[in-house]
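> sequence first, predicted coordinates after that:
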Amino acid sequence: MPAPNSPIGVFDSGVGGLTVLKELRRALPGRRMIYLGDTARLPYGAKSPETIRRYALQAGKLLVGRGAGRLVVACNTASAHGLGPLREAFPSVPVHGVIEPGAAAAVAASQSGRIAVIATEATVRAGAYETAIRALLPGAEIQSLACPIFVALAEEGWGETEIAEAAARRYLSPLLQGDRPDVVILGCTHFPALKAAIARVLGPGVRLVDSAEAVALSLAAGADVGGAAGSVSFLATDNVERFARVAGHFLPEPIAPGEVELVELG
Ligand code: DGL
């Protein structure tokens, strides 16, 4: 069993998982956390399942080596392909993904059972949301769309620009035709950075679900809450200055480049 109040290790390919970290800190303010952004190898969404699995295992190994007693895979792509291998590799460490909580939140929010998932190519290809949604709502009508450029826009800090809105209009047009979904899952942890643009394109009848809050709440229910003030250590595999700058768009407070440690995965 993990040591009590051991840090929670959180990882993503880049800054997108900070949307999950933010919610985790809100739900578990006393826990120490280590956040790893694999910025050297982003984007994961365009990689093969084998490569994504290998990256996820390397990230898990680094975080467990740093004392993490619990892992949160704050990346849908790595959750879709790496969750099973991570659980196998680290049997004494609870490993949480973002897909099942996101699917559960979407099913709870949908009135019509028409649910759309927007995600990376690798997440869409894996069909993990379809499986998780159908396990809860077998008759659900599910549409899945890959929106890979959203990741680059979020990493650039351009989530709230007219370029983001133009990209959203282009990618999301299939969701504006025929029987429209009433819930759209932001199935990539980078996508909340474009939430306002996506909401404007989809219009008021559509509820956007992001799994960050659902994951944080499920952890808060099961984990020890920790001490008085939890701290966060930030790690990145490349370009710590850029990571620190863009992270400012995702977190309530800025991070200085000196607070981000450069690490190598292998
Ligand atoms: N943030 C990641 C996700 O949730 C993936 C972004 C990427 O590296 O393609 O899927």
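Looks like it came in fine. Numbers count the residues shown, from 1 in each chain.
> and the closest residue to residue 242 other than its chain neighbours, how far from residue 15?
Spatial nearest neighbour of residue 242, chain neighbours left out: residue 39 (7.3 Å); criterion: C-beta to C-beta, 6 or more residues apart in numbering. C-betas here are computed from N, CA, C, even on glycine. Distance, residue 39 to residue 15, using C-beta to C-beta, to the nearest Å: 8 Å.
> which residues are common contacts for the two?
Residues touching both residue 39 and residue 15 (C-beta atoms under 8 Å, 6 or more residues apart in numbering) are residue 243.
> those two: who's more crowded?
residue 15 (30 against 22; other C-beta atoms under 10 Å).
> show me what contacts the more buried one?
Residues counted as contacts of residue 15 (C-beta under 8 Å, 6+ apart) are 37, 39, 154, 155, 190, 243, 246, 247, 249, 250.
> residue 118 is in contact with residue 187, isn't it?
Yes. Counting by C-beta atoms under 8 Å, residue 187 is a contact partner of residue 118 at 5.9 Å.
> quick one, which of the two is more surrounded?
Neighbours were counted for residue 118 and for residue 187 using other C-beta under 10 Å; residue 187 has more, 31 against 27.
> ranges for the helices of the stretch 101-250 of the chain?
Taking DSSP state H, counting those that start in this stretch as the criterion, the stretch 101-250 of the chain contains helices spanning 121-126, 128-136, 149-155, 162-172, 195-202, 211-222, 240-247.
> how many other residues sit next to residue 99?
26.
> quick one, which of the helices of the stretch 101-250 of the chain is nearest to the ligand?
Between the ligand and these, the tightest spacing by C-beta to the nearest ligand atom is seen for helix 149-155, at 4.4 Å.
> is any part of that closest one close to the ligand?
Yes. Helix 149-155 is in contact with the ligand by C-beta under 6 Å from any ligand atom, via residue 151.
> now do the buried residues in that helix.
149, 150, 151, 153, 154, 155 (16 or more other C-beta atoms under 10 Å).
> joint contacts of residue 118 and residue 187?
Residues touching both residue 118 and residue 187 by C-beta under 8 Å, 6+ apart: residue 144.
> so which bits of the chain are right by the ligand?
12-13, 16, 42-45, 75-77, 120, 123, 151, 188-190.
> of all those residues, which comes closest to residue 159?
Distance to residue 159, by C-beta to C-beta, is smallest for residue 190 among the residues of the chain next to the ligand, at 8.3 Å.
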